[in-house]
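Student: this is a predicted model, with the sequence first.
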Amino acid sequence: MRSYLSHLECTETGETYNADEPHTLSPAAQKVLYPRYDLDAVRREVDPSVFATRPPTMWRYFELMPVRDESNIVTLGEGGTPMIRASNLERSLGARTLYIKDEGQNPTGTFKARGLSSAVSRAKELGLTKLTVPSAGNAGGALASYCARGAMECHVFMPEDAPPAAKTEAALAGSHLTLVKGLINDAGRLSREKAAELGLFDVSTLREPYRVEGKKTMGYEIVQSLGWRVPEAIIYPTGGGTGLVAMWKAFSEMESLGWIGPERPKMIVVQSTGCAPIVRAFEQGVRHAEPWENAQTIAAGIRVPAAVGDYLILDTVRESGGTAIAVTDEEILAGMREMASAEGVWSAPEGAATLVAYRKLRESGFLAPETETVLLVTGAGSKYTDVAMGA
């Protein structure tokens, strides 16, 4: 198989960069870099039906992934998660078509496995052997696991009150784990300081170009599972927002390839009322979100006071005709219980927030009963047993 990776492109200015050199943010604008591919060649040479014949991991889409040599792939079998038809919830909510995309079935128990498999694989290919990440919990555990798999050095910086399972996972996988007083932004500052001091490569959310490529495979999988068409709405629990903008990138690529048409799902952000910078910015009509002060929520994965890709998230929501909504921690706990008891899906708090958002958007009329909707469950509830006890 051949990767059709072409170059990197600044998402703000359009300036291009060599994809075969290590990069973080774009040097000039300090904005997010996206990998770009020779889509004309892919369209000529790749039949999407081939993906169904390959092992059901995210690497089935190798031609549209950023690793040039298959031997550099660092994998634990990530991707290929199910789209569960939520028939019991459909009946109770009066919905025609409702799906749960259950990312809790990934290695390491969350969708972070996708992004970190991609980032670690590309780092290995570029000769980077010492990686660091600030994490609200799950990304740190995933990076530690993939670095262990790839025999690479790993440094993780996590808030002291990160979920116990995430701290245990990172420690057991052999990372250099540092617990930080404060939130993920405080962990990020320390991670970047140590990166400069120790020669570590920073794989923070959207601060390097390749985590987004792993996450975009969620978009490819959703479309493939629906017979190469998009759903009408996707509800996504948003912290750093990589998965949301990654799926939007995937839809654009697939349209350019002629695999789907111009239709797009409404991309819907859900955050906690205790940390909702994207919701606030959306409501204010601005393109950049001011940092959220005193962020607090039981959903650690969306306790992100400031996102480097805020403009990409907000652009995606607006271009798609979507919206942004905040829900309370009490509602999230109720959502965890409802999703588990109705469909047998034990979701992390972040994923349960999507069900709460769906209810609210149905009540407001933003979503109709017949709107085909995907709830993106980003992780397994088993990683949050301390929170689940209150559900």
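Tutor: Sure, I can see it. Source: prediction; values computed, not measured. Residues are numbered from 1 along each chain as shown.
Student: can you pull the contacts of residue 177?
Tutor: In this structure, residue 177 makes contact with 140, 144, 156, 158, 167, 170, 171, judged by Cβ atoms under 8 Å, 6 or more residues apart in numbering. All C-beta atoms are positioned from the backbone trio N, CA, C, and that covers glycine.
Student: kindly report the same for residue 342.
Tutor: Each residue near residue 342 by Cβ under 8 Å, 6+ apart is listed here: 86, 88, 89, 92.
Student: which one of those sits closest to residue 152?
Tutor: Of all the contacts of residue 342, the one sitting nearest residue 152 is residue 86; the distance, using Cβ to Cβ, is 38.6 Å.
Student: how near is the residue nearest to the closest one when sequence neighbours are not counted to residue 354?
Tutor: By the measure of Cβ to Cβ, 6 or more residues apart in numbering, the closest residue to residue 86 outside its immediate chain neighbours is residue 98, 4.4 Å from it. Look at residue 98 and residue 354: by Cβ to Cβ, to the nearest Å, they are 10 Å apart.
Student: neighbour count for those two, which is higher?
Tutor: Looking at residue 98 and residue 354 with other Cβ atoms under 10 Å, you find the greater number of neighbours at residue 354, namely 28 against 25.
Student: pLDDT score for that one?
Tutor: At residue 354 the predicted local confidence, pLDDT, stands at 98.
Student: one more: residue 391?
Tutor: In this model, residue 391 is scored at 65, pLDDT.
Student: start the count at 12 instead of 1 going forward.
Tutor: Sounds good: first residue 12 from here, last item residue 402.
Student: picking up where we left off before, please enumerate the shared neighbours of residue 109 and residue 365.
Tutor: Common contacts of residue 109 and residue 365, defined by Cβ under 8 Å, 6+ apart, comprise residue 386.
Student: hmm, back to that, now for the residue nearest to residue 97: which residues touch it?
Tutor: Applying Cβ under 8 Å, 6+ apart, one finds that residue 109 lies in contact with 96, 97, 100, 101, 369, 383, 384, 386.
Student: got a winner among those for most neighbours?
Tutor: Among these, residue 386 has the most neighbours (other Cβ under 10 Å), with 31 neighbours.
Student: and the most centrally placed residue in the chain, helix, strand or coil?
Tutor: For the chain, the residue lying nearest the average C-alpha position, counting by Cα atoms, centre = their mean, turns out to be residue 254 (2.9 Å). Secondary structure of residue 254, reduced to three states by DSSP: H, G, I helix; E, B strand; the rest coil: helix.
Student: could you check how far it is from residue 84?
Tutor: Distance, residue 254 to residue 84, by Cβ to Cβ: 21 Å.
Student: what are the ranges of the strands in this structure?
Tutor: Taking DSSP state E, the strands of the chain run over residues 16-21, 27-28, 44-48, 94-96, 109-113, 141-145, 164-170, 187-191, 212-213, 244-248, 277-283, 335-338, 384-388.
Student: burial of residue 13, as a residue count?
Tutor: As a measure of burial, residue 13 has 12 neighbours, counting by other Cβ under 10 Å.
Student: thought it was touching residue 76?
Tutor: No - here residue 13 lies out of contact with residue 76, judged by Cβ atoms under 8 Å, at a distance of 10.7 Å.
Student: could you check the pLDDT of residue 217?
Tutor: Looking at residue 217, its pLDDT reads 87.
Student: for residue 323, see how far away it is.
Tutor: In terms of Cβ to Cβ, residue 217 sits 8 Å off from residue 323.
Student: try residue 250
Tutor: Per Cβ to Cβ, residue 250 is found 14 Å from residue 323.
Student: next one: residue 30
Tutor: Summarising the geometry, the distance separating residue 30 from residue 323, computed by Cβ to Cβ, is 19 Å.
Student: likewise for residue 238?
Tutor: In this structure, residue 238 lies at 28 Å from residue 323, with Cβ to Cβ as the measure.
Student: more neighbours, those two?
Tutor: Ranked by neighbour count (other Cβ under 10 Å), residue 238 and residue 323 place residue 323 first, with 25 against 6.
Student: so what pLDDT did the residue nearest to residue 304 when sequence neighbours are not counted get?
Tutor: Closest residue to residue 304 in three dimensions, ignoring its sequence neighbours and counting by Cβ to Cβ, 6+ apart: residue 316, at 7.5 Å. Turning to residue 316, the model gives it a pLDDT of 94.
Student: show me what contacts residue 316?
Tutor: Residues in contact with residue 316, defined by Cβ under 8 Å, 6+ apart, are 194, 195, 196, 286, 288, 302, 303, 304, 306.
Student: also residue 338?
Tutor: Listed by Cβ under 8 Å, 6+ apart, the contact partners of residue 338 are 281, 282, 283, 284, 346, 364, 367, 368, 371.
Student: nearest to residue 138, of the residues you listed?
Tutor: Out of these, the one with the shortest distance to residue 138 is residue 282. That distance is 37.7 Å, counting by Cβ to Cβ.
Student: measure the closest one to residue 340 for me?
Tutor: For residue 282, the distance to residue 340 (Cβ to Cβ) stands at 12 Å.
Student: repeat that for residue 382.
Tutor: Counting by Cβ to Cβ, the gap from residue 382 to residue 340 is 26 Å.
Student: ok, residue 384 next?
Tutor: Residue 384 sits 23 Å away from residue 340, going by Cβ to Cβ.
Student: now the lowest-mean-pLDDT helix or strand in the chain: buried residues?
Tutor: The element with the least model confidence among the helices and strands of the chain, by mean pLDDT, DSSP states H and E, is helix 396-399, at a mean of 81. With burial defined by 16 or more other Cβ atoms under 10 Å, the residues of helix 396-399 counted as buried are 398, 399.
Student: nothing else from me, thank you.
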